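1. sequence and predicted structure below; questions after.
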Amino acid sequence: MMTAYNSINGTPAILHPDVNQVVKGEWEMDGFIVSDAGDMIGLVKDHHYFETYKEAVAASVKSGIDSITDETDMTCAAIREALSEGLLEEGDLNRALTNTFRVRFLLGEFDPDECNPYAGLPDDTVCKPEHAALSLEAARESIVLLKNERQMLPLDSNAVQRVAVIGPLGDVVFRDGYSGTCPYKVTPLQGIRAKMKEGSVVHVNGSDRVRLRAVTGKYVGVSSDPAENSALKADRLDAGSAETFQLADWGFGSVTLQALSNGKFVTTDDVTVTASADEVYGWYVKEEFRPVGGPDGTMLLTAWNGSPVSLPGEEAGCFRMEVITDGLQEAIAAAEASEVAVVVVGNNPLINGRETSDRPDLTLADSQEKLIQEVSRVNPNTIVVVIGSYPFAINGVEEKIPAVLYLSHAGQELGNALADVLFGDYNPAGRLNMTWYRSTDQLPDIMDYDIRKGKRTYQYYDGQPLYPFGYGLSYTTFRYDGLKATLERVGSGMELSVCVQIENTGGRGGDEVVQLYVRADSSRVQRPLKELKGFRRIYLAPCEKRMINFTLPTSDHGILGCDQGRLLP
């Protein structure tokens, strides 16, 4: 288990007595406790709980931390100091090491390969056809239909002659932080093309293609010398020999540059700048850049750490950006020439909103908002697909676009799953697992963690969100009848039984997600407006009916009265 960064009532979690008293004591946890990265140092630098690292490391180990995730040399030096000054005993270290090594021995880390049944497993052990099928099923079930006016969806692949797939997420599949590597990737574009006749799908990214010109007048190119790892150099004399970059605008000042000559992303090792990254990825995202307007129309390109990008012989690091292809105009032309436009937008999981980096707002990137607006202006049959890591305030999209879908970065089968929903081979039934607010005005300060006082989440928010928690549409319709609730005594307690009949009243088979919410009509303390206490996802054919039952012990709706030490109704 890992302790949290925060404090609980003034005590840093890494030092909290419950680690020893509850987790290791009452629960008899026989594994080990690890601190989060940098948290022991944080006792000095962030919490200001101790003045020295020797005090911090001694208190951490004695409080139950068995494995410290911090800078090695500094941590070892602090432990030696703590031992020499009597702040730590060898017995404290032995106890921590025993806990850690017990788990490692049980995991077989020190066994020879011939004794380890998991050694040498081939890749196809985890890349079998049934695993691909499961990935497709999970991705399909996750897709949420947010809006479907004029029965825009599903599309008829026989009737629609030309589809434009537009947007920065139209032909990519991103992996998120801490995720594995996909064995293959099916993009939205690939999935849609597989449903349509050859040549009937056009793709436009919507991003500008640009070249960079240094203040010396020379253009930026990519070195062809293998020893230079595709380094960027301002050494091209004319525009024709300059590198063409695809400029993706992710909003809030963040961009990525992809060299079209080799398909690689521009990245930096903090010394040189190269077009050598296969993807935008890493704890420090060194493929993310921030253009800053300079004098006389020049642009200063800053890297992930705020340092200006400088190329050899260009110490000033100022460039002029020349647009070769206007991505927005290209998208408008593609939309005008197509019967249907599918605009695929969202976020890059490693930019603007991830661990260590909060996004500045709930909105899409301004460039994406404008892309949707301009495409829908010339093509009323516009479908917006949002692929994202979190909710978005898409008020304009909800107001103007006839059909809207949402899904997360759903892995290798993303494109097939999306295409199955778009063309009606799968009836969507995903539900939102978070409230989608209209703006940050509906939320308290981001550092206010009191969800009750701040009216956060579906449990306490009493306004009108853009989309509520649990929301999601279908291509068919369902009717609920005969709701019954009975209270029965079971043993020493009471049990609430709820049943309801669900009927598919539409012409298409599909899943329905039956959700049971409860609330306390009277309580001496503030209670949630509603709480999800159960759900069932069921498939119903047209005209099929089914009774759904929920059983809820009344104790599940109680709260612990801290002043009385018992469960209150």
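-> Received it, and whenever you're ready, just let me know what you need. The structure displayed is predicted, hence computed values, not measured ones.

2. okay, helices next: where are they in the protein?
-> Using DSSP state H, the helices assigned to the chain run over residues 18, 39-45, 53-62, 72-84, 90-106, 129-142, 188-195, 327-336, 366-378, 395-400, 414-422, 457-460.

3. so which elements touch the third one?
-> To tie it back to what came earlier, the one meant is helix 53-62. Packing contacts for helix 53-62, counted by 3 or more CB pairs under 8 Å, 6 or more residues apart in numbering; DSSP states H and E, involve helix 39-45, helix 72-84, helix 90-106. Glycine gets a C-beta too; all of them are placed from N, C-alpha and C.

4. repeat that with 10 Å
-> strand 11-12, helix 39-45, helix 72-84, helix 90-106 (3 or more CB pairs under 10 Å, 6 or more residues apart in numbering; DSSP states H and E).

5. pLDDT averaged over the third one - what is it?
-> This predicted structure assigns helix 72-84 an average pLDDT of 97.

6. what sits up against it?
-> Contact with helix 72-84 is made by 40-41, 44, 52-62, 68-71, 87-90, 92-93, as judged by CB atoms under 10 Å, 6 or more residues apart in numbering.

7. out of the residues you listed, which are buried?
-> 40-41, 44, 53-62, 68, 70, 87-88, 92 (16 or more other CB atoms under 10 Å).

8. so how far is Lys233 from the spatially most central residue of the chain?
-> Taking CA atoms, centre = their mean, the centroid of the chain lies closest to Ser389, which sits 2.8 Å from it. As judged by CB to CB, to the nearest Å, Ser389 and Lys233 stand 36 Å apart.

9. pass me the low-pLDDT residue ranges in the stretch 251-400 of the chain, would you?
-> 314-316 (pLDDT under 70).

10. picking up where we left off before, tell me how many other residues surround the nearest residue to the residue nearest to the centre of the chain once chain neighbours are set aside.
-> Using CB to CB, 6 or more residues apart in numbering and skipping residues adjacent in sequence, the residue nearest Ser389 is Pro349, 5.1 Å away. With neighbours defined by other CB atoms under 10 Å, the count for Pro349 comes to 21.

11. oh, and call the first residue 15 from now on, that's how I've got it
-> Okay, residue one is now 15; in that scheme the one you just asked about reads as Pro363.

12. quick one, what contacts Pro363?
-> For Pro363, counting by CB under 10 Å, 6+ apart, the contacting residues are 188-191, 193, 294-295, 401-404, 422-423.

13. drop anything exposed from the residues you listed.
-> Phe188, Arg189, Val294, Tyr295, Ile401, Gly402, Ser403, Ser422, His423.

14. out of those, list just those in strands.
-> The strands, defined by DSSP state E, take in Ile401 from those.

15. from the buried ones among the contacts of Pro363, pick the one nearest Asn20.
-> Nearest to Asn20 among those is Ser403, at 22.0 Å by CB to CB.

16. so who does the closest one touch?
-> 188, 190-191, 360-364, 366-368, 373, 422-423.

17. which residues of the protein score low on pLDDT?
-> For the chain, the ranges with pLDDT under 70 are 328-330, 575-583.

18. returning to what we had before: out of the helices of the chain, nearest to Phe46?
-> helix 104-120 (4.1 Å).
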